[in-house]
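A.B. asks: show me how the following folds:
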Amino acid sequence: MEKGKRLRTVNGETPLPEAMIQHIQSFLTRKEAAQTTLLSKSWYDAWSSRPTLDFDESDFKNRESPEVGFAEFATKSMQRYQDLNLKIESFRLRTVSCRKGVEILVNKLIAEAVKMGAADLSLELRSAKFVSLQELVGSRLKSLTLDRVHMKSDDTIRDIISCCISIEDLSLSKCTCSIDSKSRKIELNRMNLYELRKLRRLFLEMVYVDTLFFTDFNSRFPRLKDLSVVRCLGYKTIQIASTSLERISFVQFMGKLRGEFDVPNLVDFSCSGVGIPSLSVASSWDCSSSSYISIIHSRPDHARSWFMRLKTLFAELSPSKISLSINTSAFWHLKRNSDEEGGNVVEAMLKPDLVLEDVAIKARCGLDAFLVGLFAICRPKLITLLPLPSEEYWRRNDESIDFLCKKLMKEMNGPNCGIPDESMFGQFDLKEVNVEVYHEILTEWQPLLLKEPLDLDALSKQKIRFQLRWG
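C.D. replies: Numbering: from 1, shown residues only. Model prediction:
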């Protein structure tokens, strides 16, 4: 059926063009799109000739013979497309079984998808058997996603790339290979991805990446815009210089990130890991750019040195818009150490000129000690308290909410509601405080009316944030 062709009038009404129906179906999940076939014949025909094929073996898990049912469905669907001489734009395949012979079906489906013109290929293959991927050689792929794919060796990636140099979007997640009959994570180095000069997005998750891989980005990846490295191993420090990169995201598997960045056109930077990252920024990022830092389970030894490292990090990231997330149970370390240091944490630091967009906190205790140091190094616009994961900690979240309300405002209700308490750690430049609660159903923040006593039991299970206006 010709793309965009209007179907014949049904019951006096002209159906939507086929291309428009398929565009609508593209925004739906696989199951939702299939359910639209019940609307009318035009929707069924549009779905039957859609340019995107998505096969997921888990859809057949409730069948009597799920593996057989999936294989028959996928094979018949591909054959129907071939009989009608239909082309496809993208192909996604997800298998969950490790039965004997599954790799034969996988290789056959991949080969047919490439022949049918698929430029976007996404594979999530749980089979422990090696998949050759030779079918990709010579293809015109623009996008390739490999998730849990088992390969013969690290060279398989190089072979694919050498034959698919037009790839613009590459995602490698939890892929493995066989070395001496043992399975291990694939390893990426400078040679593996050297030839992808058209690459615009690179996503790496749980693979080995050596330190040298991050060098020479300007010459190796001159068009790269988006880089994500998630829980990868192999590198200790990184040095990235790129004039094309706009978005960088690192999620550390172990330890904190140590890196040097010369990325003048960066728009978004995010880093998550254990402890405060050690970063050096050669070229200042624009004030319109954003930096997001997430610190997980950090256990500082000395309050003053911990906050000074945090201040140094903020200075490196400025003048970008900085957001901080803390997920820890260790704020009591800060309180203990600040007491041991004689309460001089604040006095030892100059009045801060750094501004933070948001500080999100998930902690079980010691919030007061954290805020003492935080207000000594920066001025946050928002403080967001995230709900703790289990009921046993809700009472501690009650205490944090009650503490913030009492410390930040003169009154929790009445004429002075919203007026800051200037005695709060000596922060005399705090001009106004407002409280908001996040409503999950409405998916929006709404002002919390403080005319009546707070229901701390209910608030402890919700996201709550304090808007701070400094003068």
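A.B. asks: mind saving the C-alpha coords of the biggest helix by length in the chain as PDB?
C.D. replies: Under DSSP state H, the helix in the chain containing the largest number of residues is helix 66-83. Provided in PDB are the C-alpha atoms of helix 66-83 (Å, rounded to 0.1, in the frame of the first residue of the first chain):
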ATOM      1  CA  PRO A  66       6.300 -19.500  24.000                       C
ATOM      2  CA  GLU A  67       9.500 -20.200  22.100                       C
ATOM      3  CA  VAL A  68       7.700 -21.800  19.200                       C
ATOM      4  CA  GLY A  69       4.900 -19.200  19.200                       C
ATOM      5  CA  PHE A  70       7.400 -16.400  19.000                       C
ATOM      6  CA  ALA A  71       9.500 -18.000  16.300                       C
ATOM      7  CA  GLU A  72       6.400 -18.600  14.100                       C
ATOM      8  CA  PHE A  73       5.000 -15.100  14.600                       C
ATOM      9  CA  ALA A  74       8.300 -13.400  13.800                       C
ATOM     10  CA  THR A  75       9.000 -15.600  10.800                       C
ATOM     11  CA  LYS A  76       5.500 -15.200   9.300                       C
ATOM     12  CA  SER A  77       5.600 -11.400   9.900                       C
ATOM     13  CA  MET A  78       8.900 -11.100   8.100                       C
ATOM     14  CA  GLN A  79       7.700 -13.300   5.200                       C
ATOM     15  CA  ARG A  80       4.500 -11.200   4.800                       C
ATOM     16  CA  TYR A  81       6.600  -8.000   4.500                       C
ATOM     17  CA  GLN A  82       8.800  -9.700   1.900                       C
ATOM     18  CA  ASP A  83       5.800 -11.000  -0.100                       C
END
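A.B. asks: is Leu356 in a helix, a strand, or coil?
C.D. replies: strand (DSSP: H, G, I helix; E, B strand; the rest coil).
A.B. asks: residues in contact with it?
C.D. replies: Neighbouring residues of Leu356 by Cβ atoms under 8 Å, 6 or more residues apart in numbering: Phe314, Ile322, Ser323, Leu324, Cys378, Arg379, Pro380, Lys381. In short, each C-beta sits where N, CA and C put it, glycine included.
A.B. asks: again, only using 10 Å
C.D. replies: 291, 293, 314, 318, 321-324, 374, 377-383, 468 (Cβ atoms under 10 Å, 6 or more residues apart in numbering).
A.B. asks: C-terminal to the longest helix of the chain, what's the next element?
C.D. replies: Next helix or strand after helix 66-83 toward the C-terminus (DSSP states H and E): strand 90-95.
A.B. asks: describe which strands that next one pairs with in its sheet and in which direction.
C.D. replies: strand 52-56 (parallel), strand 120-125 (parallel) (DSSP bridges).
A.B. asks: what's the angle from that strand to helix 66-83?
C.D. replies: With axes from the mean of the first three to the mean of the last three Cα atoms, to 10 degrees applied, the angle from strand 90-95 to helix 66-83 works out at 160 degrees.
A.B. asks: buried sites along whichever helix or strand comes after strand 90-95?
C.D. replies: Using DSSP H and E, the next helix or strand after strand 90-95 towards the C-terminus is helix 102-115. Using 16 or more other Cβ atoms under 10 Å as the test for burial, helix 102-115 gives Val102, Glu103, Leu105, Val106, Leu109, Ile110, Ala111, Glu112, Ala113, Val114.
A.B. asks: how about stretch 176-187?
C.D. replies: The neighbour-count check on stretch 176-187 (16+ other Cβ under 10 Å) flags Thr176, Cys177, Lys185, Ile186, Glu187 as buried.
A.B. asks: run the chain-centre distance for that stretch.
C.D. replies: 27 Å (Cα atoms, centre = their mean, to the nearest Å).
A.B. asks: got the contact list for it?
C.D. replies: Residues outside stretch 176-187 that contact it (Cβ under 10 Å, 6+ apart): 128, 130, 146, 148-157, 172, 174-175, 192, 204, 206-210, 213, 232-234.
A.B. asks: now do the end-to-end distance for it.
C.D. replies: 9 Å (Cα to Cα, to the nearest Å).
A.B. asks: quick revisit: same list (the strands paired with strand 90-95) but as a markdown table, adding mean pLDDT, distance to Val359 and mean neighbour count.
C.D. replies: Output for the strands paired with strand 90-95, formatted as a markdown table (pLDDT from 0 to 100; distance: least, Cβ to Cβ, whole Å; neighbours: other Cβ atoms under 10 Å):
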| stretch | mean pLDDT | distance to Val359 | mean neighbour count |
| --- | --- | --- | --- |
| strand 52-56 | 89 | 40 | 18 |
| strand 120-125 | 90 | 36 | 21 |
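A.B. asks: which among the ones you listed is found nearest to Ile24?
C.D. replies: strand 52-56 (12.7 Å; Cβ to Cβ).
A.B. asks: any idea of the angle that closest one forms with helix 102-115?
C.D. replies: 170 degrees.
A.B. asks: run the chain-centre distance for strand 52-56.
C.D. replies: Computed by Cα atoms, centre = their mean, the chain-centroid distance of strand 52-56 equals 23 Å.
A.B. asks: then stretch 108-116?
C.D. replies: Relative to its chain's centre, stretch 108-116 lies at 30 Å (Cα atoms, centre = their mean).
A.B. asks: now swap in stretch 316-325 and tell me
C.D. replies: Offset of stretch 316-325 from its chain centre (Cα atoms, centre = their mean): 18 Å.
A.B. asks: what is the end-to-end distance of that stretch?
C.D. replies: The first and last residues of stretch 316-325 sit 17 Å apart, counting by Cα to Cα.
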